[in-house]
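>>> sequence unknown, structure follows:
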């Protein structure tokens, strides 16, 4: 079936550095999402994105976070600067339209030291 | 905000026995949310198991069933006879539309299912 890819699978960085997580969504999907899962906790919604704009973000989506998808390339989540509490697995998802199934990537495990 | 509560795992069931994983939800921003069960098999990514968008309807897939019960705000996952290949982590999720009309999912913590041969 359709696959969402995420690069890298694991990223280790020092606190205060910038990190960019990359997502290759399903071709022709129009809606894009990021979710965050801290170890031992549930996956939580961060942000959704459509037509080049953030539609909605949760309270977890701090000012240090930003998303973009320039010219139909990767859908990215940038964190600048990173903090220790940003350590988590970040899942990207995409869907073709509203109220449709979201297809998830395998996740990027981010470790902030 | 919205919330989802599901059976705490791990849940261990013998092969060919029946299974129920409970899921209840609270939707504060939408009267009729979409309800989902997602599954993560060992070494694989999250994938949709089944989805129901209409209250009172039942969804089914791979022998699993779940009924959208608005009165009890529940969406329990059931299977009559489990197989070893059903060993996985199961996530109940609620989908609603935010203020801008785009989707967001609220997940439960996940239930690890272990099938004993």
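Great, that's in hand. Remember, it's a predicted structure, so these values are computed and weren't measured experimentally.
>>> residues of chain A that sit close to chain B?
For chain A, the contact set with chain B under Cβ under 8 Å from any Cβ of the partner chain comprises A:1, A:4, A:31, A:33, A:35, A:41-45, A:48, A:50, A:55-56, A:58, A:91, A:95, A:98-107. C-betas here are computed from N, CA, C, even on glycine.
>>> just the buried ones from the residues you listed?
Buried by 16 or more other Cβ atoms under 10 Å in any protein chain shown: A:4, A:31, A:33, A:35, A:42-45, A:48, A:50, A:55-56, A:58, A:91, A:95, A:100-107, out of those.
>>> farthest residue from the center of chain B?
Distance to the chain centre peaks in chain B at residue B:100, reaching 25.8 Å (criterion: Cα atoms, centre = their mean).
>>> if I look at that one, how far off is chain A?
4 Å (Cβ to the nearest Cβ, to the nearest Å).
>>> now the residue nearest to that residue when sequence neighbours are not counted: how far from residue B:112?
Spatial nearest neighbour of residue B:100, excluding adjacent residues (Cβ to Cβ, 6 or more residues apart in numbering or on different chains): residue A:55 at 4.2 Å. With distances taken as Cβ to Cβ, to the nearest Å, residue A:55 is found 33 Å from residue B:112.
>>> residue B:90 too?
When Cβ to Cβ is the yardstick, residue B:90 and residue B:112 sit 8 Å from each other.
>>> those two: who's more crowded?
residue B:90 (24 against 15; other Cβ atoms under 10 Å in any protein chain shown).
>>> confirm for me that that one is in contact with residue B:109.
No - using Cβ atoms under 8 Å, residue B:90 is not in contact with residue B:109; the gap is 10.7 Å.
>>> let me see the contact set for residue A:102.
With contacts defined as Cβ atoms under 8 Å, 6 or more residues apart in numbering or on different chains, residue A:102 is in contact with A:31, A:33, A:93, A:94, A:95, B:48, B:103, B:105.
>>> in helices, which of those residues fall?
Counting by DSSP state H, no part of those is found in helices.
>>> any idea which of these is closest to residue A:17?
Nearest to residue A:17 out of those is residue A:33 (Cβ to Cβ; 24.6 Å).
>>> list the contacts of residue A:1.
Applying Cβ under 8 Å, 6+ apart to residue A:1 gives the contacts A:103, B:47.
>>> and if we set it to 10 Å?
A:26, A:103, B:47, B:48 (Cβ atoms under 10 Å, 6 or more residues apart in numbering or on different chains).
>>> where does the last one land on pLDDT?
Model confidence at residue B:48, expressed as pLDDT, equals 94.
>>> please consider this matter closed, and thank you.
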